[in-house]
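Asker: A structural model of the following input is requested.
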Amino acid sequence: MIRGLYTSASAMQTNLKRMDVTSNNLANVDTDGYKKDGTVQRTFSEMLISRYDKNGKEELGALGTGVEVDESYTNFKEGNIQHTNNKLDLAVKGSGFFALQTPQGIRYSRNGNFYLNDENQVVDSHGNFLLNQNNEPIQIVPGREISIDQQGQIFFGELEGETINLVDFENYTQLTKIGNNLYQTEEGIEEIEPEGSSIMQGYLEGSNVNVVEEMASMIEVTRAYESNQKVIQTIDNTLDKAVNDVGTLA
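Answerer: Below is the predicted model:
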């Protein structure tokens, strides 16, 4: 009976973590370039239970001892690309990430919602610099029309400028979310050139969160949590009766 308490409690903790992930996905449904997260659960080791009577030992089967979140992962499926007609809105069609210079070093993002700062440098909403292929901040020539081709080459009218540094990685499990829609890599991980990818000027990639799927997941998690909560209440009531009623001497 006590084992049942621990089993249900572990399931409640797991569903709380799943709820946190689902809630965060829903909170970022309108965040440009956001990639939704998911969780992988695993069970604790099962126990083989047996019964002993006058006929000897009889195996009854395996008994589960609980579940936990084994790991979380990011789904890098491409989001819907939407037309904005803003010259500094950029979307990556295919794989790849924009390289950004942050106070903590170079980080990566799919969010192509960029602006000009006071020094005519291209930055994101947090002031991080968009980098060229030399990993230097991109400088815009004031007063000239900006156009960007699919390879990331920037033009100011007929004047050729810098090229946006679009990078990719062989294994996305080496990327870690660090907040503000940014990713960092493990030390020593090399950047590679994206294959078949292009940059679309005047477009933004939306979040890849499906609201209907996430709401269904939230309902499922809520019901699973409530079911385990009721199991714990039932066991607690049974233990209460065992201690206070059955154990009472007449």
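Asker: Spatially central residue in this structure, please.
Answerer: Using CA atoms, centre = their mean, the residue of the chain that lies closest to the mean C-alpha position is residue 37, 3.0 Å off.
Asker: Just list whatever residues bridge to it.
Answerer: On the basis of DSSP bridges, residue 37 is bridged to residue 74.
Asker: Distance-wise, check it relative to residue 86.
Answerer: Relative to residue 86, residue 37 is positioned 28 Å away (CB to CB, to the nearest Å). The way it works is simple: take the backbone N, C-alpha and C, and place the C-beta from them, glycine included.
Asker: Likewise for residue 118?
Answerer: Distance, residue 118 to residue 86, by CB to CB: 19 Å.
Asker: re the thing from before, residues contacting the residue nearest to the centre of the chain?
Answerer: 21, 24-25, 72-75, 177 (CB atoms under 8 Å, 6 or more residues apart in numbering).
Asker: swap in residue 138?
Answerer: By CB under 8 Å, 6+ apart, the contact set of residue 138 is 121-122, 129-132, 154, 161-162, 164.
Asker: Now the longest helix anywhere in the chain: average pLDDT?
Answerer: If you go by DSSP state H, the chain has its longest helix at helix 211-241. The predicted model assigns helix 211-241 a mean pLDDT of 88.
Asker: Pull out the buried residues from it.
Answerer: Across helix 211-241, burial judged by 16 or more other CB atoms under 10 Å covers 214, 217-218, 221, 224-225, 228, 231-232, 235.
Asker: Just send those residues back as JSON lines, with distance to residue 185 too.
Answerer: Formatted as JSON lines, the buried residues of helix 211-241 follow (distance: CB to CB, whole Å):
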{"residue": "214", "distance to residue 185": "27"}
{"residue": "217", "distance to residue 185": "29"}
{"residue": "218", "distance to residue 185": "31"}
{"residue": "221", "distance to residue 185": "31"}
{"residue": "224", "distance to residue 185": "35"}
{"residue": "225", "distance to residue 185": "35"}
{"residue": "228", "distance to residue 185": "38"}
{"residue": "231", "distance to residue 185": "43"}
{"residue": "232", "distance to residue 185": "42"}
{"residue": "235", "distance to residue 185": "46"}
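Asker: Residue 91: which of the residues you listed is nearest?
Answerer: For the buried residues of helix 211-241, the residue nearest residue 91 by CB to CB is residue 214; the value is 22.6 Å.
Asker: would you turn the contacts of residue 138 into CSV with distance to residue 110?
Answerer: Formatted as CSV, the contacts of residue 138 follow (distance: CB to CB, whole Å):
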residue, distance to residue 110
121, 20
122, 16
129, 17
130, 13
131, 15
132, 18
154, 19
161, 23
162, 20
164, 13
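Asker: Tell me which entries of the residues you listed lie within strands.
Answerer: Counted as lying in strands by DSSP state E, out of the contacts of residue 138, are 122, 129-130, 154, 161-162.
Asker: how is this protein carved up into domains?
Answerer: Structurally, the chain divides into domains by automatic domain parsing as follows: 2-75+212-246, 81-205.
Asker: pLDDT (mean, whole number) over the longest one?
Answerer: Averaging pLDDT along domain 81-205 gives 94.
Asker: and the end-to-end length of it?
Answerer: End-to-end distance for domain 81-205, by CA to CA, to the nearest Å: 4 Å.
Asker: ditto for stretch 89-105
Answerer: Termini of stretch 89-105 sit 23 Å apart (CA to CA).
Asker: Quick check: buried residues in it?
Answerer: Using 16+ other CB under 10 Å as the burial criterion, the residues of stretch 89-105 that qualify are 89-93, 95-102.
Asker: quick revisit: between the buried residues of helix 211-241, which sits nearest residue 112?
Answerer: So of these, ranked by how close each gets to residue 112 (CB to CB), first place is residue 214, at 23.5 Å.
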